[in-house]
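S.K.: Provided below for reference: sequence and predicted model.
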Amino acid sequence: MSKYLFSFGDKKAKKILNSKNILGGKGANLAEMARLGLPVPPGFTISTEMCSIFYKNKKKLTPKIFGEIKKELKKN
């Protein structure tokens, strides 16, 4: 399974090639700012792949991704 959530300061998000394709423009910029050490508020980006799944699934989140979002919200 692919990774669908990326915390702004996530070290894995910093190593993504073509991050705009995966995180979208804003998500990629937030990841880059965090990589540079700029102050970025806590948060996360949902991948563009998950967005596609959301629309294919009649605008409903899968239970697994919904659980992951809840975990991320508790962290932040």
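M.R.: That came through, no problem.
S.K.: only C-alpha atoms for contact and neighbour calcs from this point on.
M.R.: OK.
S.K.: Tell me how far the residue of the chain most remote from its centre lies from residue 38.
M.R.: Most distant residue from the mean C-alpha position of the chain: residue 58, 20.6 Å away (CA atoms, centre = their mean). Distance, residue 58 to residue 38, using CA to CA, to the nearest Å: 37 Å.
S.K.: tell me which residues in the host helix or strand of residue 66 are buried?
M.R.: Using DSSP states H and E, the element containing residue 66 is helix 63-75. The neighbour-count check on helix 63-75 (16 or more other CA atoms under 10 Å) flags 65, 69 as buried.
S.K.: Which secondary structure elements does it sit against?
M.R.: strand 5-7 (3 or more CA pairs under 8 Å, 6 or more residues apart in numbering; DSSP states H and E).
S.K.: mind running it again at 6 Å?
M.R.: If you count contacts as 3 or more CA pairs under 6 Å, 6 or more residues apart in numbering; DSSP states H and E, helix 63-75 packs onto no helix or strand.
S.K.: Quick check: mean pLDDT of that helix?
M.R.: Averaged over helix 63-75, pLDDT sits at 88.
S.K.: what does that helix contact?
M.R.: With CA atoms under 6 Å, 6 or more residues apart in numbering as the contact definition, helix 63-75 has no outside contacts at all.
S.K.: what about that helix, distance to the chain center?
M.R.: 12 Å (CA atoms, centre = their mean, to the nearest Å).
S.K.: What count of nearby residues applies to the residue lying closest to residue 24 once chain neighbours are set aside?
M.R.: Nearest residue to residue 24, sequence neighbours excluded (CA to CA, 6 or more residues apart in numbering): residue 48, at 6.3 Å. Residues within reach of residue 48, counting by other CA atoms under 10 Å, total 17.
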